[in-house]
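[1] let's see this in three dimensions:
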Amino acid sequence: MLEILTLQVVTAISGTVSIGAADWLYHRGRIRGRLHSLWVASSSAAICLPLLTWTTNVFLGVGMVSWVLVGTLEATMFLWIYRNVLEVAPLQKPRSALLPLSSSQSPVPPSSNINR
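    Numbers count the residues shown, from 1 in each chain. Just a heads-up that it's a prediction; the model follows:
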């Protein structure tokens, strides 16, 4: 039990770092959307693999049935995450090159007619 917990923690940390790296590269324009989606979906599915495998082996035993169930659940999870991450629109980069307005060009709010 301690081995699976250790493996799960190591996998979760590795997967989180991997997803962070994929996001960092994607938002800086180093990788495209499809590779980002593939990377994030693979890492997310891999995070769940040790615990899912252990659970099916405990309740169903080691064998073909448990491997088919784990494979089916992992493939479904991967495809669902891949499709949903691919549909997310990329973030727009903030326009930092805007020139500040001079005082004569700054907008002036309209005067109020409330107190007249």
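
[2] longest helix in this structure, please.
    Counting residues, the longest helix found in the chain (DSSP state H) is helix 33-60.

[3] output the contacting helices and strands for the next helix or strand after that one.
    Downstream of helix 33-60, the next assigned helix or strand under DSSP states H and E is helix 64-87. Contact analysis of helix 64-87 by 3 or more Cβ pairs under 8 Å, 6 or more residues apart in numbering; DSSP states H and E lists helix 33-60 as its packing neighbours. Where you see a C-beta, it was placed from the backbone N, CA and C, and this is true even at glycine.

[4] what's the pLDDT at Ser96?
    Note for Ser96: predicted pLDDT of 54.

[5] one more: the one 4 residues further on?
    Note for Pro100: predicted pLDDT of 54.

[6] repeat for His36
    The model reports His36 with a pLDDT of 94.

[7] count the residues that sit near the nearest residue to Leu49 once chain neighbours are set aside.
    Closest residue in space to Leu49, ignoring its immediate chain neighbours: Glu74 at 6.3 Å, by Cβ to Cβ, 6 or more residues apart in numbering. Neighbour count of Glu74, defined by other Cβ atoms under 10 Å: 16.
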